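> predicted coordinates and the sequence they were generated for:
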Amino acid sequence: MTPAAFDYYAPSSLKEALGLLSSYKEDGKLLAGGQSLVPLMKLRLARPKVLIDLGRIPDLNTIAERADSIVIGALTTHAQLESSDLLRTRCPLLPQTATTIGDVQVRNQGTLGGSLAHSDPAGDLPASIMALGAQIKAVSAKGERWIKAEDFFLGLLTTALEPDEILTQVKIPVSNRIKTAYLKAAQKAAGFAVAGVAVCLDLAHDGTCRDIALGVTGVTDKAYRAHKVEQKLRGKKLDSRLLHEAAAEVTDSIDVNEDINGSKEYRSHLARVYTIRAILAAQG
Amino acid sequence: MLNADSKELVIQDSTAYVPGSPTKKITFAELGRIAYNNQSLLPKGFEAGLQITYYYTFAHAEPFLTPGPDRRVRAQFTFAAGAHAAVVEVDKETGKVHVLRYLVVGDNGTILNPKVVDGQIYGSAAHGISVALGEGFVYDSEGQLLTLTLTDYGKSSTLETPNIEVVHHPVPSHFTPLGQKAAGEGGAIPSPACIASAVEDALKPLGIKVRELPLSPEAVWRLIQEANQK
Ligand SMILES: Cc1cc2nc3c(=O)[nH]c(=O)nc-3n(C[C@H](O)[C@H](O)[C@H](O)COP(=O)(O)OP(=O)(O)OC[C@H]3O[C@@H](n4cnc5c(N)ncnc54)[C@H](O)[C@@H]3O)c2cc1C
C-alpha cells in the first residue's frame, strides 16, 4: 500500500508543466486530484517515475460564462461543479452528476479534467460530458486543439490525449431549453456507476422531443452516446410505450461488461431501466 | 503509606482511612495517582501500579459438555436474546432493497454500561444487515477470489445502514453474579434472517422464497425474474 519511489514537481505555470511533460514523456504522469492515480500507485498498478502536480497552475479551476457556452477549467473539483450557481442555472447536468460521485472527500479532491482524462469505464462525468456535446481542449508544447467529447474516450482508461498533452478546459454549449438528468445504479462501496445515464432533452411545448442526447457509463469499456435510442425518440411524443421500445436498444451492438457488480444480462437491464428513469426525471 | 496496619483500615466512599486518625486517610484517586505517576511515594519494595487478577468460576458450568437426560448441553454460560423487525422496500425493476426501518428489542440481562451495550447492538445489527444485503466472497470459475478489497467486498457504509431503533427489555440472568447476560451476537445473528424475511414479505405477491444471501440487487432481480416466469 506504499507507492514506488517517484520524483515530484509542482510547476507554477502551464508552460513549465508542458516542458516537464515533454522532457519526461512516458515516465511522467500528471497529478490532479489524485483520487484515481494515487490508489493505482499505492497498489503499484501505476509506477510513474515523475509526478507533475497541476495544482499550483493558476486559473485552471475557473468556471466562466460565454454567450452560448460555459468554459470550465480542468482542475475544477467535483465539489465546485456541485455548488456552482452558474452551473446550477445554466448547466444543471454537471451539478446533478457531480453530487453522485463517491463521497465528500473524493468530491473535494477529484477534478473534472482528471475524471475525463482517466476515462474510468464506470466514471460519471464522462456520460454527462457526452450528453452535453462538450468539447475538450488539449494543449501541448506544440500547440492546442479541441476534441469533441464523442471522439475523446477511446476505451478502458484510454483517451484521445497524446502523452505530451494536458487537458486544460472543457467547453459546454448551453441553452435554456435543455432539460437534464443524471441517474445511476451505484456500486456499493465507492459509488461508481454499474449503469449510469445522462440525458439532455429539448422538448417542444406540446411534449414532442425536438432533440435528445444520452450519455451512458458503467456499461462497457468507456462512456458512449446511445444514438440508436436517441433516433427512436427524436420528433416523437415520449409516451411510456415508446420509451420502453427505444430504451430496449441502449446496449445494442455494445460489448457489455460483466463483473462482481453485475452480469452482462443484469447490466443491460439496468441500462434500459436507467435510460427510462433518466428521461422521465429530465421531463420533470 | 499511612503508617497503619491493614487491619485498622476502613474502606468507604472511595477512601481508605483509619477511624479516629484524621490524617490517616487517602482517596482512591490519590492512591491511583501515586501508584502510577509518583512511585517514589510508594513504600520501599512495593511494585508500581494497582492490579489484581481474579478468576471467576461459573457455578453452573458443565465440565464435559455431555448431554443430560434431556439431550441438551449447556455450551455457554449465559445467553442474550433479541427480537428484530425490519420494514424494507424493494425496487421491483432493479432488485435493490432499501431498509426503511429497523427495530431491535434486546434482552441483555442487567445492563452494566448502557452505551457499550447499545454500541454492541448497533454494530452487530449493522453488520448483519450488511451481510444480508451485499457482503460475500465471490470467486471466478478458476477459483480466483474477486472480492479482495473492502471496495469489492460489499460492506455497507453508514449511508446504507438504517437508523437502528433499540428497545431494552432486560431480564436479569439467574446464573451470573450481577444478572448480566451478553450483547453483540444478539444483534448479528437474527439480522440476516430478519432482512431476508422482510424481503420475502415485500415480494409476497410473487411468492418468492429467499434461500441464499446476500440479497444483492442482482440476486433479488433474479428472484423476481424467476417468479415472473412461473
Ligand atoms: C473512494 C472513491 C470513490 C470514487 N467514486 C467515484 C464515483 O462514484 N464516480 C466517479 O466518476 N468517480 C469516482 N471516483 C474517482 C474520482 O472521481 C476521481 O477524482 C477522478 O476519476 C479522477 O480525477 P482526479 O482529479 O482525482 O485525477 P487524478 O487521480 O489526479 O488523475 C487521474 C488520471 O488523469 C490524468 N490527468 C489528470 N488531470 C489531467 C489533465 N488535466 N490533463 C491530462 N491528464 C490528466 C492523470 O495523469 C491520471 O492518469 C472515486 C474515487 C475514490 C477514491
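Now that the structure is in, tell me what you want to look at. Residues are numbered from 1 along each chain as shown, chains lettered A, B, ... in the order given.
> now the most centrally placed residue in chain B: closest residue in space that isn't a chain neighbour?
Centrality entry for chain B: nearest residue to the mean C-alpha point is residue B:184, 1.3 Å, by Cα atoms, centre = their mean. Residue nearest to residue B:184 in three dimensions, not counting chain neighbours: residue B:120, with 4.4 Å by Cβ to Cβ, 6 or more residues apart in numbering or on different chains. Bear in mind the C-beta positions are built from the backbone N, C-alpha and C, glycine included.
> touching, that neighbour and residue B:183? I think so.
Yes - counting by Cβ atoms under 8 Å, residue B:120 does reach residue B:183; the two are 3.9 Å apart.
> quick one, strands of chain B?
B:10-12, B:15-17, B:25-27, B:81-90, B:97-107, B:164-168 (DSSP state E).
> okay, angle between the last one and strand B:97-107 too, please.
It stands for strand B:164-168. Counting by axes from the mean of the first three to the mean of the last three Cα atoms, to 10 degrees, strand B:164-168 points 20 degrees away from the direction of strand B:97-107.
> could you dump the helix or strand hosting residue A:213 to CSV, C-alpha only?
Take DSSP states H and E as the rule and residue A:213 turns out to sit in strand A:209-217. Output of strand A:209-217 as CSV, limited to C-alpha atoms (Å, rounded to 0.1, in the frame of the first residue of the first chain):
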residue,chain,number,x,y,z
CYS,A,209,-39.0,15.5,-28.4
ARG,A,210,-37.1,18.1,-30.5
ASP,A,211,-33.8,16.7,-29.6
ILE,A,212,-32.3,14.3,-27.1
ALA,A,213,-28.7,13.2,-26.2
LEU,A,214,-28.0,10.3,-24.0
GLY,A,215,-24.6,9.5,-22.4
VAL,A,216,-24.2,6.0,-20.9
THR,A,217,-21.5,4.9,-18.5
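> and that strand, does that touch chain B?
No - on the criterion Cβ under 8 Å from any Cβ of the partner chain, strand A:209-217 is out of touch with chain B, staying 15.9 Å away.
> buried residues in that strand?
A:209, A:211-217 (16 or more other Cβ atoms under 10 Å in any protein chain shown).
> same deal with stretch B:6-24?
B:9, B:16-18, B:24.
> give me the domain ranges for the chain.
I'll assume chain A. Domain segmentation of chain A under automatic domain parsing yields A:7-53, A:63-173, A:178-283.
> wait, chain B
When chain B is parsed with automatic domain parsing, its domains come out as B:1-52, B:81-228.
> could you count how many residues lie near residue A:99?
15 (other Cβ atoms under 10 Å in any protein chain shown).
> what are the pairing partners of the strand holding residue A:213, and which direction each?
Here strand A:209-217 has these sheet partners by DSSP bridges: strand A:193-203 (antiparallel), strand A:224-225 (antiparallel).
> between the buried residues of stretch B:6-24, which sits nearest chain A?
residue B:16 (51.7 Å; Cβ to the nearest Cβ).
> which strand residues bridge the closest one?
Per DSSP bridges, the residues bridged to residue B:16 are residue B:11, residue B:26.
> measure how buried residue B:31 is and give me the count.
16.
> hmm, back to that, possible to save the buried residues of strand A:209-217 as a markdown table with distance to residue A:259 and pLDDT?
As requested, those are exported to a markdown table (distance: Cβ to Cβ, whole Å; pLDDT from 0 to 100):
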| residue | distance to residue A:259 | pLDDT |
| --- | --- | --- |
| A:209 | 34 | 97 |
| A:211 | 34 | 97 |
| A:212 | 29 | 98 |
| A:213 | 27 | 98 |
| A:214 | 23 | 98 |
| A:215 | 21 | 98 |
| A:216 | 17 | 98 |
| A:217 | 14 | 98 |
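> can I get the worst-scoring helix or strand of chain B on mean pLDDT as PDB, trimmed to CA atoms?
Least confident helix or strand, chain B: helix B:185-188 with a mean of 81, by mean pLDDT, DSSP states H and E. In PDB, the C-alpha atoms belonging to helix B:185-188 read as follows (Å, rounded to 0.1, in the frame of the first residue of the first chain):
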ATOM      1  CA  GLU B 185     -24.200 -11.600  18.900                       C
ATOM      2  CA  GLY B 186     -27.800 -10.900  19.800                       C
ATOM      3  CA  GLY B 187     -27.600  -8.300  17.100                       C
ATOM      4  CA  ALA B 188     -25.700 -10.100  14.400                       C
END
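> residue numbers of chain A in contact with chain B?
In this structure, chain A approaches chain B at residues A:185, A:188-190, A:259-260, A:262-263, A:266, A:269-270, A:273, judged by Cβ under 8 Å from any Cβ.
> mind checking which of these are buried?
Here, 16+ other Cβ under 10 Å leaves A:185, A:188-190, A:259-260, A:262-263, A:266, A:269-270, A:273 buried among these.
> give me the pLDDT for whatever residue of chain B ends up closest to the ligand.
Residue nearest to the ligand within chain B: residue B:151 (7.3 Å; Cβ to the nearest ligand atom). Model confidence at residue B:151, expressed as pLDDT, equals 84.
> now for the nearest residue in space to it that is not next to it in sequence: which residues touch it?
Sequence neighbours aside, residue A:189 is the residue nearest to residue B:151 in space, at 4.6 Å (criterion: Cβ to Cβ, 6+ apart). Taking Cβ atoms under 8 Å, 6 or more residues apart in numbering or on different chains, we find residue A:189 in contact with B:150-155, B:157.
> same question, residue B:77
B:58, B:60-61, B:175-176.
> can you do 10 Å?
Residues near residue B:77 by Cβ atoms under 10 Å, 6 or more residues apart in numbering or on different chains: B:56, B:58-62, B:173, B:175-176, B:181-182.
> which one of those residues has the most neighbours?
Neighbour max across these (other Cβ under 10 Å) = residue B:181, 23 neighbours.
> and stretch A:44-63, what's buried?
Neighbour count says stretch A:44-63 has A:46, A:48, A:50-52, A:54, A:57, A:60-61, A:63 buried, by 16+ other Cβ under 10 Å.
> quick one on the thing from earlier: just the element for the residue nearest to residue B:151, please.
Secondary structure assignment for residue A:189, by DSSP H and E: no helix or strand.
> picking up where we left off before, out of the strands paired with strand A:209-217, which gets nearest to residue A:130?
Closest to residue A:130 of the strands paired with strand A:209-217, according to Cβ to Cβ: strand A:224-225, at 5.3 Å.
> contacts for that closest one next, please.
Outside strand A:224-225, the residues that reach it (Cβ under 10 Å, 6+ apart) are A:126-127, A:130-131, A:133, A:149-150, A:153, A:198, A:213-217, A:250-251, A:254.
> poorly predicted segments of chain B, please.
B:63, B:74-75 (pLDDT under 70).
> show me what residue of the stretch 101-250 of chain A gets nearest to chain B.
Counting by Cβ to the nearest Cβ, the stretch 101-250 of chain A gets nearest chain B through residue A:189, at 4.6 Å.
> quick one, what contacts the residue lying closest to residue B:2 once chain neighbours are set aside?
Nearest residue to residue B:2, sequence neighbours excluded (Cβ to Cβ, 6+ apart): residue B:24, at 4.4 Å. Contacts for residue B:24 (Cβ under 10 Å, 6+ apart) come out as B:1-4, B:8-9, B:16-18.
> let's see that with 8 Å instead.
Residue B:24 touches B:2-4, B:17-18, counting by Cβ under 8 Å, 6+ apart.
> determine which two of those residues are furthest apart.
Across the contacts of residue B:24, the longest distance by Cβ to Cβ is 12.7 Å; it joins B:3 and B:17.
> can you put the buried ones among the residues of chain A next to chain B in TSV and add pLDDT, secondary structure and distance to residue B:52?
Below are these laid out as TSV (pLDDT from 0 to 100; DSSP: H, G, I helix; E, B strand; the rest coil; distance: Cβ to Cβ, whole Å):
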residue	pLDDT	secondary structure	distance to residue B:52
A:185	97	strand	57
A:188	85	coil	47
A:189	81	coil	45
A:190	85	coil	49
A:259	92	strand	56
A:260	91	coil	51
A:262	95	strand	57
A:263	96	coil	60
A:266	98	helix	60
A:269	98	helix	64
A:270	98	helix	61
A:273	98	helix	64
